[in-house]
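[1] With the input below, show me the fold.
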Amino acid sequence: MKLVMIKKKSVFKFFISLFCISILNFFVFYLFSIKSNTLSTSAIDENTFQNKVSSLINQKEKIAYLTFDDGPTLTSTPKILDILSEENVKATFFVVGKHVKEHPELVKRAYDEGHYIANHSYSHNNDRLYINSDSFINEILSTDVEIGKAIGIENYHSHVFRFPNGYMAPRYKAKKQEYAKRLPDIDYTYIDWNALNKDSEKKYSNAELLNNLKESSKNKGTLVILMHDTSDVNDTHLVLKDSIHYLKEQGYTFQNFYNLK
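    Numbering: from 1, shown residues only. I've put the predicted structure just below:
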């Protein structure tokens, strides 16, 4: 009888131990799952902005993203900023690092007025930009440094790059395809455009510039519009107000890349 009681106690202790181990394993698994989900969510969150930027031109919503390349310049950027302020429109400026260094006050003004400051390389010189992949990355990071100095934010990081002349331009195509793969390593993505007024291609009248925009944006949803805040070929600021009014008439609202964060 005593022997049986010992066996019962042993069995009882065995099942108690097994139950405790199961409970412990459950909590360990639960805590690990929470941590894994948190890490997974963080990774997704880190990529959300880049994914949204990359997919913009495929969206159906009638949203217009005005983007201005190659500045800042004294001849054009202040006039464009004045018009954007008057029209209460926020835009995105793809700035060139060497010009940021020359005119930091213009970048500071654009930033303070709510415009997104994106990256368009330091030199805008393809021969220099594509020497090798390290030169490519350095041009981007050097531009961020100059932007940070201009706006007073240490370690500024734009996250958005536009290739000089665009990613789809045939020149240096192989280099662009190769180096674009390095952009995620520095938490960057790139974007081109799906509408433009052709203000950097050749001399146009103001009416022609506006018509170019109308034609290139016809029957499209979300627009990423290429313009330039330079005046070496055309003065986009002279047709900017009419362009904004036209897009508003077509039912477009305006955003910049801050709206994607």
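[2] List the buried residues in stretch 171-180.
    Using 16 or more other Cβ atoms under 10 Å as the test for burial, stretch 171-180 gives Tyr172, Lys175, Lys176, Tyr179, Ala180. The way it works is simple: take the backbone N, C-alpha and C, and place the C-beta from them, glycine included.
[3] quick one, helices of the chain?
    Secondary structure of the chain, counting by DSSP state H: helices at 2-54, 77-87, 97-102, 104-112, 126-129, 133-151, 173-180, 206-217, 237-249.
[4] comparing the ones you listed, which gets the lowest mean pLDDT score?
    Mean pLDDT per stretch puts helix 2-54 lowest among the helices of the chain, at a mean of 48.
[5] which phi and psi does the closest residue to Asp192 other than its chain neighbours have?
    Nearest non-adjacent residue to Asp192, counting by Cβ to Cβ, 6 or more residues apart in numbering: Gly166, 4.8 Å away. Note on Gly166: its backbone torsions stand at phi 90, psi 150 [degrees, to the nearest 10].
[6] on that earlier part again, kindly indicate which of the buried residues of stretch 171-180 lies nearest Lys241.
    Proximity of the buried residues of stretch 171-180 to Lys241 (Cβ to Cβ) peaks at Lys176, which lies at 34.4 Å.
[7] Quick check: that closest one touching Phe163?
    Yes. Between Lys176 and Phe163 a contact is recorded at 5.9 Å, counting by Cβ atoms under 8 Å.
[8] Tell me how far Gln173 lies from Tyr179.
    If you look again at residue 173, you'll see it is Lys, not Gln. 11 Å (Cβ to Cβ, to the nearest Å).
[9] And for Thr75?
    For Thr75, the distance to Tyr179 - Cβ to Cβ - is 31 Å.
[10] What count of nearby residues applies to Thr226?
    Residue 226: Leu, not Thr. Residues near Leu226, counting by other Cβ atoms under 10 Å, number 23.
[11] No more questions from me, cheers.
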